[in-house]
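J.: Sharing a model that was predicted from the sequence below.
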Amino acid sequence: MSGRALRLQRLHRHGQRLLVAPLDHPLAIGPLLPRAAGLDDLVGSLARGGADAVVLHKGAVRRVAPHRWADLSLVVHLNASTPIGGEPDEKYLVCSVEEALRAGADMVSVHVNLGARTEARQLQDLADVAADCDHWGVPLLAMAYPRGPSVVDPYDPALVQHAVTAAAELGADLVKTVQVADPADMRAITASCPVPVLVAGGAPRERDGDLLRDVEAALSGGVGGLALGRCLFQADDPTQITRAVARLVHRPSPWAVTPQEVDHDRPQAVLA
């Protein structure tokens, strides 16, 4: 079994559908956590709630105690941008796969905006990172979105389908994207993608019940899991809401296969 397969098997410790918590927001949006010193406690809360992985930038990893990774996978995010520069759809590589491995990463992630003015370079960055992942045996999560001056509707199912397909074609093991409104359209997207598709959770909901209904709707679209950030870490009780979401995500599905049935060295159809 290759290193890539071992890391993917570890990621799927709770089943084939995944609950990933992106915590890479401070670069893209600003400091959303109550305090920098609270990151370690937050990661512990997410682990206790049953999350499968968290996404962090390389510097943030230093503020998390090593024992947190006993039951949680670490995804190190490799590119970034800020809105201060005036190009919110731009992304620059700020970390390498080798740096991420030195930080303890089980997986790396790259954000790509199809439709951005710099789409060509972002796609090249994704391809280069995919090649490094092949060299080091590291799984790759691509965050692929239709975003840019020419994109009228970033939730257009055809554009979302094109984004996830492009990410898979360039070597992603998992793809994170937006959730389209119609579950039937989402099922068409996930069915056509050769790797599992995770959908982003977006802004926090006013009530936990609203979030759980949205999670159920996403799962009915055949997704391979969810990526929930603010919905979890801005909650009054991150552990409690993470546990509630994890129960739904990790619940057996009639279409699921067990981790033992998955050959991680071969491309996988969506597993939902």
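T.: Right, received. Where do you want to start? Numbers count the residues shown, from 1 in each chain.
J.: Under the pLDDT cut-off, which ranges of the stretch 1-150 of the chain? List them.
T.: For the stretch 1-150 of the chain, applying pLDDT under 70 flags the ranges 1, 32-37.
J.: Show me where it has its strands.
T.: Here the stretch 1-150 of the chain has its strands, by DSSP state E, counting those that start in this stretch, at 18-22, 53-56, 73-77, 79-80, 92-93, 107-114, 140-146.
J.: what would the ones you listed look like in JSON lines with mean neighbour count?
T.: Where C-beta positions appear, they are placed from N, C-alpha and C, glycine not excepted. Formatted as JSON lines, the strands of the stretch 1-150 of the chain follow (neighbours: other Cβ atoms under 10 Å):
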{"stretch": "strand 18-22", "mean neighbour count": "27"}
{"stretch": "strand 53-56", "mean neighbour count": "26"}
{"stretch": "strand 73-77", "mean neighbour count": "24"}
{"stretch": "strand 79-80", "mean neighbour count": "20"}
{"stretch": "strand 92-93", "mean neighbour count": "15"}
{"stretch": "strand 107-114", "mean neighbour count": "25"}
{"stretch": "strand 140-146", "mean neighbour count": "26"}
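J.: Relative to Arg62, which of those is closest?
T.: strand 53-56 (9.6 Å; Cβ to Cβ).
J.: follow-up on the earlier one: now render the strands of the stretch 1-150 of the chain as CSV, adding distance to Asp173.
T.: Listed next are these as CSV, based on distance: least, Cβ to Cβ, whole Å:
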stretch, distance to Asp173
strand 18-22, 11
strand 53-56, 12
strand 73-77, 11
strand 79-80, 17
strand 92-93, 19
strand 107-114, 8
strand 140-146, 5
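J.: any idea of the mean pLDDT in stretch 246-253?
T.: In this model, stretch 246-253 has an average pLDDT of 89.
J.: So which of the strands of the stretch 1-150 of the chain is nearest Thr177?
T.: Across these, closest to Thr177 is strand 140-146 (Cβ to Cβ), at 5.5 Å.
J.: Give me the angle between the helix or strand just after that closest one and strand 107-114.
T.: Toward the C-terminus, strand 140-146 is succeeded by helix 157-169 as the next helix or strand (DSSP states H and E). For helix 157-169 against strand 107-114, the angle by axes from the mean of the first three to the mean of the last three Cα atoms, to 10 degrees is 140 degrees.
J.: With Asp40 as the reference, name the closest of the strands of the stretch 1-150 of the chain.
T.: Among those, strand 53-56 comes nearest to Asp40, with 11.2 Å by Cβ to Cβ.
J.: among the strands of the stretch 1-150 of the chain, which is nearest Leu212?
T.: If we rank the strands of the stretch 1-150 of the chain by Cβ to Cβ, the stretch that ends up nearest is strand 18-22, at 12.7 Å.
J.: what does that closest one contact?
T.: Strand 18-22 has contacts (Cβ atoms under 8 Å, 6 or more residues apart in numbering) with 11-12, 46, 50-55, 75, 77, 141, 174, 176, 196, 198, 200, 224-229, 232-233, 242, 245-246, 249-250.
J.: how does it look with 7 Å?
T.: The set of residues external to strand 18-22 that reach it, using Cβ atoms under 7 Å, 6 or more residues apart in numbering, is 11-12, 46, 50-55, 75, 198, 224-229, 232, 245-246, 249.
J.: partners of the residue nearest to Leu27 when sequence neighbours are not counted in the sheet?
T.: The shortest distance from Leu27 to any non-neighbouring residue, by Cβ to Cβ, 6 or more residues apart in numbering, is to Ala80 (4.3 Å). On the basis of DSSP bridges, Ala80 is bridged to Tyr92.
J.: Cool, thanks, signing off.
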